[in-house]
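**Q** Build me a structure from this.
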Amino acid sequence: MAKTIKIIRSPKQKGPLTKTLLGEFIKAKRTQLGLSIEDAALLCHVSKDTISKIESGREGIRLDNALQICSMLGIELSVSPWE
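**A** Numbering: from 1, shown residues only. Got it, this is the predicted structure:
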C-alpha cells in the first residue's frame, strides 16, 4: 500500500528568503504535487538525501541542486532590481 502524502500549505514569506524558508516552499510544492521524496528525487535528478537536506534547511546544499529542484517542481525564483 502506498504511503499517503500529507499536503502542506505554502508558507508565508515575511522578509528575505532563507535556506529554511526555501526548504519549506519546496516541501509544500512537492506535497501539493502528490510526490514522495523518492519520486521528487527521481523527477529532479538528485538524491533523496539532497531533497531531504534542502527541505529541512540543513547545511551543505549546492546551489545548482536547489535551483534544479525548484525548476523541476515549477517554483520560480527571482531577484528584484536594486539601486
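
**Q** what's the closest residue to Ser36 other than its chain neighbours in contact with, if anything?
**A** Spatial nearest neighbour of Ser36, chain neighbours left out: Ile5 (6.1 Å); criterion: CB to CB, 6 or more residues apart in numbering. Backbone N, C-alpha and C define where each C-beta goes, glycine included. Contact analysis of Ile5 by CB atoms under 8 Å, 6 or more residues apart in numbering lists Thr31, Gly34, Leu35, Ser36.

**Q** Phi first, then psi, for the residue most central in space within the chain.
**A** Central residue of the chain (CA atoms, centre = their mean): Ile26, 2.1 Å from the mean position. Note on Ile26: backbone dihedrals following degrees, to the nearest 10 are phi -60, psi -40.

**Q** now it: how far from Pro16?
**A** Plainly put, Ile26 is 17 Å away from Pro16 if you go by CB to CB, to the nearest Å.

**Q** Also Ile54?
**A** Relative to Pro16, and taking CB to CB, Ile54 is found at 17 Å.

**Q** Looking at these two, which is more packed in?
**A** Neighbours per residue, other CB atoms under 10 Å: of Ile54 and Pro16, the larger number sits with Ile54, 23 against 6.

**Q** Is it correct that the more buried one is in contact with Arg62?
**A** No. If you go by CB atoms under 8 Å, Ile54 and Arg62 don't touch, sitting 9.8 Å apart.

**Q** Inside helices: which ones of the contacts of Ile5?
**A** Filtering the contacts of Ile5 for membership in helices, criterion DSSP state H, returns Thr31.

**Q** Just the buried ones from the contacts of Ile5?
**A** Thr31, Leu35, Ser36 (16 or more other CB atoms under 10 Å).

**Q** Could you single out the nearest of the residues you listed to Cys44?
**A** Closest approach to Cys44 among those (CB to CB): Leu35, at 9.4 Å.

**Q** Distance-wise, check the closest one relative to Arg62.
**A** Distance of Leu35 to Arg62, given as CB to CB: 21 Å.

**Q** So which residues of this structure form helices?
**A** Taking DSSP H, the helices of the chain run over residues 19-32, 37-44, 48-55, 63-73.

**Q** Which residues are in contact with Gln68?
**A** Counted by CB under 8 Å, 6+ apart, Gln68 has contacts Cys44, His45, Val46.
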